[in-house]
Each structure stands twice: as C-alpha cells, then as structure tokens.
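Participant: fold the following, please.
(2 chains)
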Amino acid sequence: MLDKTFKPAEIEPRIRAEWERADAFKAGRAERSEAQPYCIVIPPPNVTGSLHMGHALNNTLQDVLCRFERMRGKDVLWQVGTDHAGIATQMVVERQMMERQEPGRREIGREKFVEKVWEWKEESGSTILNQLKRLGASCDWSRERFTMDEGLSKAVLKVFVSLYNEGLIYKDKRLVNWDPKFQTAISDLEVVQVDARGAFEWQDGDAEKPFDGEALSKALTKNPSGQMYHFRYPLADGHTYQHPTAFDDDGKPTAFETRDYIVVATTRPETMLGDTGVAVHPDDARYAPLLKAGAKVRLPIVDREIPIVGDEHSDPEKGTGAVKITPAHDFNDFEVGKRHGLEQINVLDDRARINEVAPAEYRGLDRFEARKRIVADFAAQGLLEKIEPTSHTVPHGDRSGVVIEPWLTDQWYVNAEVLAKPAIAMIESGKANFVPKNWEKTYFEWMRNIQPWCISRQLWWGHQIPAWYAPDGKVFVAEDEAHAQNLADAHFGAPTPLKRDEDVLDTWFSSALWPFSTLGWPDDTTELKRYYPTNVLVTGFDIIFFWVARMMMMGMHFMEEVPFRDIYIHALVRDEKGQKMSKSKGNVMDPLVLIDTYGADALRFTLTAMAAQGRDIKLAANRVEGYRNFATKLWNAARFAEMNECVRRRDFDPTTIKEPVNRWIAGETERAVREVTEALEAYRFNEAAGAAYEFVWGVFCDWYLELIKPILAGDDERAVAETRATVAWTLDQILKLLHPFMPYITEELWAHAVEHGERRESVLALSRWPTFSGLIDAEVDEEIGWVVRLISEIRSLRTEMNVPAGAKLPLVLPGASAELVARAKRHEETISRLARLDGISFPDAAPKGAAVIVAGDTTAALPLGGVIDTAAELKRLEREIEKAESDLGKMDAKLSNPQFVAKAKEEAIEEARERKAELEDAIQRLQAAIRRLEQVG
RNA sequence: GGGCACUUAGCUCAGCGGUAGAGCACUACCUUGACAUGGUAGGGGUCAGAGGUUCGAUCCCUCUAGUGCCCA
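Facilitator: Below you'll find the model as predicted:
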C-alpha cells in the first residue's frame, strides 16, 4: 500500500538506480536500430559550475523533449559533457591555491599548473553532472565528453589547421580588449559595458574654489570614471589663432579671443602620455585656421610635438570639438591614427601600469593613480580648464570585473565574416529555425556586422595553439610538432629550432565544434552519420552570439550541414520581482534547495509550466509548492486506485467500454493526449504542462474519480470490473503523459502498480507514448456534461441558500421527459452522493416553495423543507434573470446588427442564435419559478 | 542613438479577433472511506492610456506613458 504522501527524497535515488539498471537513456539501443534518431547536444556546463536556475530550466526542457521523443519510440541521444571554461577554471584553481597558501602558478610553471587543473577537474568536474542527474536529466551518461578530452582536442587542432591553411585564421597586430587582471586578451563578447557617472566639478578661474587635488583623488578612488577633463594643449612654436567666443542667431561668430592653445576633452587623462595627435572636424569653422596653418601641438608633460588633423571622427557638437588621439589605447583613435599616419605609442604594461615609455615620475603607476597625477599636474601648470561629471560607458571584463584596456598586441583571429555567410543563409532559408522566431532578427543583426573573432588567450588552461615559430619569427601551423618541424625544415632547407606559441584558444572555439566533435568528428563515425544534424538546440538568448552563431558557422564549414534544425531559445529565470538573480543581490534561488524541499518533479513541472515562449520566468517559491501539491494529488489518486483494486488488465480495450462515465474519461484522455502531444511538438511547454495538469486534477481527480465512487461501491459486478480496469488504464495514460515533466513520481507509481497487476514490459521511461483516436463520443460527453453541470448548480445553490453541508435534500425534476428521467435515474446515485441529495423525484409540476435551478434545458427544484427564505430566493432568482438578460441584450444587439449577420462567420452567428435561445428559455423558466414563489408568499 | 520585448485579478503569470483564465493569497463552510500538501462554494479585472482597422478588439495597426533587455 502506498504511503499517504509521497516522499521525493526517498524515491528519487531509487528511481535513478532503476533507470541505470535498465540502461534507459542509452542511445543506439539494438531494438531501436530501425527507429528514427533524435539528438540533442547539451549546452556543456562549465566544469567549475554548479547547478543554478538557468541550468535547471535549460535541462528540464531538454529532458522533457528527450523523454517525450524516447517514449515516441525514437532512438534518442542526449549528448552530455562539460566545457573546460578557460578563464573561469583557471581562476578557480588559482584561488584555491591561494587559499591553501601554495605557491602561485607562475612559480610552479605551466606544466605543473596544468597538471593541477586536471587534478582539480578529476575531483570536482563531475559536480554539476551529478546535480543534473538529481534533476532527472536523461542524458546518455555513458557518452560523457569534455572539451579538452583527446577526441575533442583532435577536432580542435584539425579545425585550427584547416582554417589557417584556408586563410581564415590569421595573426594580426591590432588593438584588443585586454584584461589587466587576467593579463589576457578577450573577445568583444566578453566585454560588458558599464554605465559610469561622476560627481566632481571644477572650473578654472573660479576664485572661490581653487583646484583641490585631494578632493579629486578621493572622488576618483571611489569611482575612477565618469568625469570629463578639459585640457589646454599649447600650440607649438608660439602659434596663436582667433578662437570664436560668441555667436549670433545664425551661428556666425561675433567675438573672438586670441589663443595659443587648443582645448581637448577626455575621460581618460592618463592616456595623454600616448597622444600622437589632436583631431578636429574638417568642417569645424572654429579650428579651420589651425588646420589651414598646419599648426601643431606641444604635448604637455611628455613635451612631444604632435599634429592637429582634420577627421570626421571628431564631433563638433561634443565637448570642445577637439579630441586627443591615442592610437594605442582607443579603438576609434586607432582608426583615426591609421588614416593620418599617426604613431602608435603604447604607454601601459600588461597590468595596466604606466610603462617605461612615459616620463620617469609616472612609470609603474597604476592607470587610475596616473590619472589623478596627470590631472593634478595639468592643474599645476595652469593647463586644466575644467572637470565636469559626464555619463559614459566603461568596458569591463565579464569574468574579472575590471576595466578593460584597448591594448596593442599580436593575437590570432578568425575571419568570421566569411564563415558567417553560409550560417546566415541557413536561417534565411529556414533550414534551421529559431523558436520563437523573433530571435532570428538578433542573430542576423549581429552576424551581418560581425567583427574578426580574437581567439588567442594568454592563459595556460585550454587548447594550446598549434603554431610554432622559427627564430626569425616565421610561423608554422600544424597538428603536431613533428609536422611543424617538417614544414620548417623544408622551408629553411635545414633543421631549425622551433618554439611553440604559448597561447591557448578561446573556450568558445572548442564549444563551437560541440555538435560534431562530440559525435566523433574528424573520424567518420556511425554516430556522426546517425545523429548529425541534431534535432534541436535548447539554450538561452544570452549565448546566441557566443555559441549558437559560432556552432552554426563551424557546422556549416566543416560538416556542410546545419548543426541543428531548431533552435529553441528560452527565457531567463529571474526572481519574483523580475530582477536577475545574483549573489550580490542575495536573491538567488538554489534549484538544489528547491529539489530538497519540494522534489525534483515539482521544480521541473514549475519551470515547464512557466516556460512560455518569449517571456522571462519570474519564479516564486510558492509556485513550486503548488506543483508539489499537484504531485501529491497524483500520488493520492494512485492510492485511491490501489485501495479500490483498480489493477491493470492486459486485455483492456478502451473502445469496448460500456459505462457512460468510463467512455467519457476515455474520450477525455484522448483529448488530453492530443493536447499535450501537439503542444510539445510545437515547443509550447507551458501549454503541454497546463493541459496535463488540468486533465489530471480538474477532470480525472475532481470529476471522474468522484463520479465512479457509487459504481465501485455498488453491486453491478460487470460495471465494477469495467470501472476498475478503466481507472487503471487511465492512470497508466496519465503516468505516461506526465512522465516527461515528472519522471520520478510517475516511474515510481508505474512500478508500484505492478505489485498487484500485470507485469510491465519496461520501465516507464521506455514505454510507448499514447496515441488514441475514436474514443471521443459526443453523446457521452453531453450526458456526463449534464451530470457535472447539474451537480455544480445544486452545490452552488446550497451554499447560497445556506443549506448546512451535512443536510440531504430531495431533488425534483418537474415535467421531465422520459429521456431525462432515464438519464437522471442512470446517474441518480452519483448525483445524490456528490450533491448530497435524498433521492430524485419526477412530478408533473414543480413544487411550491422550492428553490429552482435552470441548468441548460433542465429545470430542477430543491424543496427546502418549508423553511425556504422566500425573500432570499426571490432575490437570487432576480439576480440570475438580470444576468441572463444582460447577456441576452448583448446577443440581441449582435443579431439585430445587419452588418454582423451579413459579414460574420457562420459559426459565430449560429453560436449567437443558440445562446440567445438558451438565454430566453432560461429567463422564462426563472420567471416561472418567481411566480410560483410569489404564490406561496 | 539603434533594436527587441513587456504593461491582463492583491502577487506571479497564461491566453487571444466572437461570453476574461490558472497558481498562490483572500472569504465562508467541510476532519464525507484517495488526498487538509485536501474538498465545496465564493469575492476580486473599463486586459496601461488615446486613436485607428473590423460587423465585432484584451487580441491586429499607430501614437503616448511607464518597465526591462540587447547593441553602439
């Protein structure tokens, strides 16, 4: 016998063991060799990761699909694995070494350090996979892969070498996003823009407020960004010009002053050490004389002469219209510098400290320290005009959180523009589809403006770049050192010593190969043939660029086929106020805690039920509790079945059922199966879950199980046997329907039923998804619908008339047709039980002093034992009439509108007519009830 | 500045050209032989605002206000 409540913590590990025993999630099962393949590759979680809400949602949805398709008989491969996550992992291990007060990575050297990371990976790398198991994920665990395992590394080398040989990977010296904390380059995507706004204000010439270096320093320590500094750059060789200071209404200058300097505005004073020019807009009248004269500027502090150039990059509307140009430390300036042949002077080292190029007193200073000093020095020289607060965005490293420096270095790049073309075409042609579709716009926007992808990282943990350098710097790219050596020797015609490139590849480089590298590529494996392209990718919108787009590019280039047919993009899980969950806000909900509290099934069901397309999920714990209760409800329905000996019969055939109520539930089952199936096929997870929920709780538990109680308690043996079998059958269908969402409880109940019934052929996870047709019977639906409605109306009336819950009332169906009498008698026991009646009678006329119900075409009367509160009943009836008349008014208005009758759809008109007739009939009968009541009163 | 969403019950959210829905919360009654993690009944909404299209708009279109996200 089942316990009174279900205890997820007890059941879950046991069920997991059962799945394992049955090898339930194994792809390529012999008996399914002829079956259609179905494949999803998991978005590989970072080995450093632990399960958060986003993972829980992402993997629940994948699992729902996999379990659904597996039950539909397909040969399902849910390919699992983890990502080596370069920076993240290196960071974790380094931090751990620091905590243990072990020597740092630079001290122990690369080889030892990488060894340590591997050790760490062996120890802790499976944490997140075990957490996925707890969630119930039905991955083929026997095929776990890792982005740095042997096979995948081979794929990475092959791809790098191929792309290099095709000229699609190249080395280039340009500005990169440099992370001074990790001392590595990062890609554009790993940079987050953070808004900054300062508060410091100062103006030269304000006698009341002299420059206060202390105060500025304090403000900048708090927030180094958000200030605009106006510097006076003296003109070289004592040059002067007339600078306009006032304008008339037409914008013509009306007053001038003679200046021997030009004012530039900047948010980054310290970079002035590397300035090699000043730019003004070529059409800016204010500076035209300077351009014309070819005037130069003598850069303060460094005392360098630099040109003033005309470039459209300068916006006359912004600041002073003149900008300093630092080609080595700003992306825009880099371009300006290239256009005008300006020198690139790098003034920062790899930790963003001022380097040896700068005057001695600044060397070694941190960039923000240097900023304060430079400003103070300008002020001291009378070259600081003003400081004002400004709003601007500052680039930060997404992992390190520090301000990123544009820095001039040699890095490896992928020519993404070429690779993007076929990847764009595949979405355009519908060979692959975003669900919901609107994400393709985001995808196109980015892909059509794609920039070179910087793939080298100055880290130790990752795929080391397969490039070797000869002493003269000539590079040789090959899959291993021997091949590189051959290339070099052939090139130089003599044995040549080679040194391997120190850098590793961006983590996303290997992730981009995931859909085919995990299936065995570059080898021509059976898996690759069978499961590529995969069916669907399930992921969040935040990695469309990082991952989806790049898989698309690599898949098209190397497999000449899309990596997946559908791309289901799900929402972000937020807290109940709609805020992103973050540790600093303290609003993080831990899926593992929710699993401990409510069970994995409840969490899964919640996430699925809330996964409506195109909307974020604002998750509230009480939602999970509600669905935990749903699981309990199911559990108790099964318990009811068990107590009533509703055991499965192998020969049960739902098409041969006799009892109306049983035929009805069979039809409802068919309907529910259809709804859930169609919703899942269309990735409408919330609708699928909603349909299953409503069927199980609202139809099966609330009505069917209640309706059959009199039959089970009765002595019609044939009916009892049929009903028991129907309950067992329906419950089986329910377990199947719910299994993709709630795998644990359903598997448990599936197994439990065996204790009394026929043996199962397989675990539920491998059972067959139901498909029915022909079980829906309109007549039976109508009949049971009538019963349900009558019971509801009686219950409603009882409450309204304050009839004590325990009191039994007689029900009168006056002037009932023979058909109605037969129907009422057929269900008399059920109706009596559920509506708490004391029998049904069928006189010709309605009794006096009874409350009256009008349900559809049935009029029913409840004599309230002479104690009826006439006034209350009159009021109630009048309210009913009022409501019916209001509805009738709407119908009349519709139907009397010639436009409606002429133009509306036939069904809409027919519906309105039926409704009108129904309402008129109901009003008549309600009025009759009032007349009778008044006779009594 | 460019783009994409969103605004529906007290809260969290579905829905959708033809009578407004769920969960939670709330009110009243009920320990009825599956379930109090429950049952029954109920209260609660000019579907952000203004226009337009339509026989008919919460739904489609435009604008306005507010909110969120992405990109520069």
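Participant: what mean pLDDT does stretch A:31-51 have?
Facilitator: Stretch A:31-51 carries an average pLDDT of 90.
Participant: packing partners of the longest helix along chain A?
Facilitator: Ranked by residue count and defined by DSSP state H, the top helix of chain A is helix A:906-936. If contacts are counted by 3 or more Cβ pairs under 8 Å, 6 or more residues apart in numbering; DSSP states H and E, helix A:906-936 sits against strand A:850-855, strand A:858-863, helix A:870-895, helix A:898-903. For the C-beta atoms, the positions are set from N, CA and C on the backbone; glycine is no exception.
Participant: tell me which of these sits nearest to residue A:817.
Facilitator: Smallest distance to residue A:817 across the helices and strands packed on helix A:906-936 (Cβ to Cβ): 9.9 Å, for strand A:858-863.
Participant: for RNA strand B, give me its nearest residue in chain A.
Facilitator: Using Cβ to the nearest atom of the strand, residue A:618 is the residue of chain A that sits closest to RNA strand B, at 1.9 Å.
Participant: tally of neighbours for that residue?
Facilitator: 16 (other Cβ atoms under 10 Å).
Participant: ok, what's across the strand from it?
Facilitator: With DSSP bridges applied, residue A:618 shows beta-bridge pairing to residue A:574.
Participant: so what pLDDT did it get?
Facilitator: Predicted confidence (pLDDT) for residue A:618: 73.
Participant: and the helix or strand that residue A:78 is a member of, what does it pack onto?
Facilitator: Per DSSP states H and E, residue A:78 falls inside strand A:75-79. Applying 3+ Cβ pairs under 8 Å, 6+ apart, one finds that strand A:75-79 contacts strand A:37-41, helix A:53-71, helix A:526-531.
Participant: closest to residue A:707 out of those?
Facilitator: helix A:53-71 (29.0 Å).
Participant: mind checking how far that closest one is from the chain centre?
Facilitator: With Cα atoms, centre = their mean, to the nearest Å as the basis, helix A:53-71 stands 13 Å off its chain's centre.
Participant: measure stretch A:281-289 end to end?
Facilitator: 12 Å (Cα to Cα, to the nearest Å).
Participant: contacts for that stretch?
Facilitator: Around stretch A:281-289, the neighbours that count as contacts under Cβ atoms under 8 Å, 6 or more residues apart in numbering are A:241-244, A:253, A:262, A:280, A:291, A:308, A:310-312, A:314-316, A:321-322.
Participant: do the same with stretch A:81-88
Facilitator: A:42, A:44-49, A:121, A:125, A:128-129, A:144-148, A:182, A:184, A:186, A:399-400, A:457, A:459, A:461-462, A:504, A:506-507, A:510-511, A:514, A:518.
Participant: closest to residue A:663 out of the helices and strands packed on strand A:75-79?
Facilitator: helix A:53-71 (25.5 Å).
Participant: where along the stretch 151-300 of chain A do the helices fall?
Facilitator: Applying DSSP state H, counting those that start in this stretch to the stretch 151-300 of chain A gives helices spanning A:213-222, A:288-293.
Participant: buried stuff in the first one?
Facilitator: Judged by neighbour count using 16 or more other Cβ atoms under 10 Å, the buried positions of helix A:213-222 are A:216-217, A:219-220.
Participant: contact partners of it?
Facilitator: Contacts of helix A:213-222 (Cβ under 8 Å, 6+ apart): A:198-200, A:202, A:227, A:368, A:371-372, A:375-376, A:379, A:387.
Participant: now restrict these to buried residues only.
Facilitator: For the contacts of helix A:213-222, buried by 16+ other Cβ under 10 Å: A:198, A:200, A:202, A:227, A:368, A:371-372, A:375-376, A:379, A:387.
Participant: I'd like these as TSV, with distance to RNA strand B and pLDDT appended.
Facilitator: TSV is the format used below for those (distance: Cβ to the nearest atom of the strand, whole Å; pLDDT from 0 to 100):
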residue	distance to RNA strand B	pLDDT
A:198	17	79
A:200	22	80
A:202	27	82
A:227	18	83
A:368	23	88
A:371	23	88
A:372	27	85
A:375	26	85
A:376	31	85
A:379	31	83
A:387	23	85
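Participant: can I get the helices and strands packed on strand A:75-79 in a markdown table with mean neighbour count and distance to residue A:779?
Facilitator: Converted to a markdown table, the helices and strands packed on strand A:75-79 look like this (neighbours: other Cβ atoms under 10 Å; distance: least, Cβ to Cβ, whole Å):
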| stretch | mean neighbour count | distance to residue A:779 |
| --- | --- | --- |
| strand A:37-41 | 24 | 40 |
| helix A:53-71 | 25 | 32 |
| helix A:526-531 | 17 | 48 |
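Participant: all set now, cheers.
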